[in-house]
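>>> quick one, structure for this:
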Amino acid sequence: MAFRMDGKVAIVTGGGTRLPGIGIGCAIARVLAREGVSVLVVDREEDNAKATVSQIEEEGGRAAFYVADVSSEADCESMVGAARTTFDGLDIVVNNAGISLHAPITETTLDLYEQIMSVNLRGTFMASKYAIPALIEGGGGSLVNIGSVVAIRDAGVTHPAYAASKGGVLALTVDLAGEYGRRNVRVNAVLPGMISSPIQASIGTPSPEMQKRMNMLGRMGNVWDVAHTVGFLCSDEASYITGQVLSVCGGATQGMPASSGRADRT
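Below you'll find the model as predicted:
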């Protein structure tokens, strides 16, 4: 079969596998590898990164791991250098690394706020800072930021620091798209909704009745729904798409609260 992105090189942050289950970052790395991309899997935990690399290699793909914490500017710079050294270039960057810690604003300490911001927003900012010059040097490329629907709608639970961090990611996406589009660097954001994943499982899986009411499809998505969307945005098939915010949420962002009543009529 033909590979849509054969010969390209990607960085996927937060790409490790935190077993049991497959996270969004792991799924993204595997989808890109299946399309012929050489993937540098970046994660804070070496074992998690190695697990994803092993899965890619078992499927016949090409990958390497790199241990880095995106909240560190030095680590963001070094991971870009590692991708270029290991695979001789850089064409795709997926800023997926993130943390979600739930607390109402009255119980959010400054330390908790800064912890969330340092990974979700500063990490995306710094990774982009060092990746964009490399993308330009290679003739252009695609940068995809993983946000969240909580940046644009109420999710029914309160996590203001997390929501603020993801709102910042959206603003950053639009700014970078405008600044670097004429250098052939496309920048887009993908906003997952309720996705079945190890992180979601650790928070709590909604009941079947709740799932019927939370979006237009009446069910949760899975990590592959997000990964295939990212794969499309990274491909040449999306060469005229930049500055866009694409929700992968089963229609949750387009539904009025009253639309949940439709579940009673099906």
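>>> C-alpha only now, for contacts and for neighbours.
Fine.
>>> mind listing what the residue nearest to Tyr130 when sequence neighbours are not counted touches?
Nearest residue to Tyr130, sequence neighbours excluded (CA to CA, 6 or more residues apart in numbering): Glu77, at 5.5 Å. Neighbouring residues of Glu77 by CA atoms under 8 Å, 6 or more residues apart in numbering: Met126, Ala127, Tyr130, Ala131.
>>> look up how far Glu107 lies from the first one.
To tie it back to what came earlier, the one meant is Met126. 28 Å (CA to CA, to the nearest Å).
>>> which of these two has more neighbours?
Shown here are Met126 and Glu107; by other CA atoms under 10 Å, Met126 has more neighbours (20 against 9).
>>> residue contacts, that one?
Applying CA under 8 Å, 6+ apart, the residues near Met126 are Val70, Glu73, Cys76, Glu77.
>>> ok, the second one to Gly123 distance?
In this structure, Glu73 lies at 8 Å from Gly123, with CA to CA as the measure.
>>> residues near the closest residue to Gly36 other than its chain neighbours, how many?
Leaving aside its sequence neighbours, Gly36 sits nearest to Asp6 (CA to CA, 6+ apart; 4.0 Å). Neighbourhood size, Asp6 [other CA under 10 Å]: 14.
>>> check Arg153 too.
Arg153, neighbours per other CA under 10 Å, totals 12.
>>> do the same with Tyr66
So Tyr66, with other CA under 10 Å, has 23 neighbours.
>>> what does the average pLDDT come to for the helix or strand hosting it?
With secondary structure defined by DSSP states H and E, Tyr66 is part of strand 62-67. Averaging pLDDT along strand 62-67 gives 98.
>>> shouldn't the residue nearest to Tyr130 be within a strand?
No - counting by DSSP: H, G, I helix; E, B strand; the rest coil, Glu77 is not found in a strand; it is helix.
>>> quick one: it and Ala134, what's the gap?
11 Å.
>>> check Ile105 too.
38 Å.
>>> settle it for me: which of the two has more neighbours?
Between Ile105 and Ala134, Ala134 has the larger neighbour count (other CA under 10 Å), namely 21 against 12.
>>> need the per-residue pLDDT for that one.
98.
>>> wait, it sits on Leu90?
Yes - look at Ala134 against Leu90 with CA atoms under 8 Å: they come within range, at 6.3 Å.
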